[in-house]
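Chemist: following is a predicted model, sequence given first.
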Amino acid sequence: MLVLSGILIIVAGFVLRFNPLLVVLVSALATGLAAGIGPLDLLAAFGKAFNDSRYVTVIYMVLPVIGLLERHGLQERARTLIAGLRGFTVGRLLLGYLLFRQVTAALGLVSVAGHAQTVRPLVAPMAEAAAQQQSGDEERDEEAAAMAAATDNVGLFFGEDIFIAIGSILLMKGVLEGYGIVIEPFHLSVWAIPTAIAAFVIHGVRLMLFDRRKRRP
């Protein structure tokens, strides 16, 4: 019964609004000690769990760096760069980013870009600046920022399925096998290519229509 003391610690900690990380850590220590696990074995278990899921904590290293860059004018630099390029429109910018996102995702490089890494600090400010330059409106263009985020989603979602070792391919394989349909991951990846091309064309048309709508009347 002492092993269940960890649950009581978690409930009490959350009710009293203590630091969640501290509450979980104390709960894990209490549970391990109550189960007869030594301190060194507990430390080894924590280390193994961290090592096995270390990719999850990478974002905590990226975010502070991006925050520092934004504080020192990264978004302003991105806007200034776009403002100095003549003939560079929001549609062309996002179409190029869509191609980049799909190709890198198809190669398995899904973390090379994303909302935290590229959209917020770079792509969205550049899209806003391009839209402002086209329309002549000095106010911030939230629609351009939203379209930048949508472009990242489309490029990643339809590009990653081409990579044979991605989790979505393995998930589909498992689901199909559950219904008695045996198919190799390579075949799923091959048939993801026409879907990715169709997604690129459809969203590309949306971007061009958005680009036309942003031009000065």
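Modeler: That came through, no problem. Residues are numbered from 1 along each chain as shown.

Chemist: just give the number of residues close to Val182.
Modeler: Per other CB atoms under 10 Å, the neighbour tally for Val182 reads 7. The way it works is simple: take the backbone N, C-alpha and C, and place the C-beta from them, glycine included.

Chemist: give the contact list for the residue nearest the centre of the chain.
Modeler: For the chain, Gly114 is the residue whose C-alpha lies nearest the centre (CA atoms, centre = their mean; 4.4 Å). Contacts here follow CB atoms under 8 Å, 6 or more residues apart in numbering; on that basis Gly114 touches Asp152, Leu156.

Chemist: make it 6 Å
Modeler: Not one residue lies near Gly114 by CB atoms under 6 Å, 6 or more residues apart in numbering.

Chemist: domains in the chain, by residue range?
Modeler: Domain assignment of the chain by automatic domain parsing yields the ranges 2-52, 62-215.

Chemist: thought Lys196 was touching Leu156?
Modeler: No Lys there; residue 196 is Ala. No - counting by CB atoms under 6 Å, Ala196 does not reach Leu156; the two are 10.8 Å apart.

Chemist: for Ile183, give me its contacts.
Modeler: Leu176.

Chemist: how about the domains of the chain in TSV, adding mean pLDDT?
Modeler: What follows is the domains of the chain, written out as TSV (pLDDT from 0 to 100):
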stretch	mean pLDDT
domain 2-52	80
domain 62-215	85
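
Chemist: give me whichever of those domains is most buried.
Modeler: Most buried of those, by mean neighbour count (mean count of other CB atoms under 10 Å): domain 62-215, with a mean of 17.
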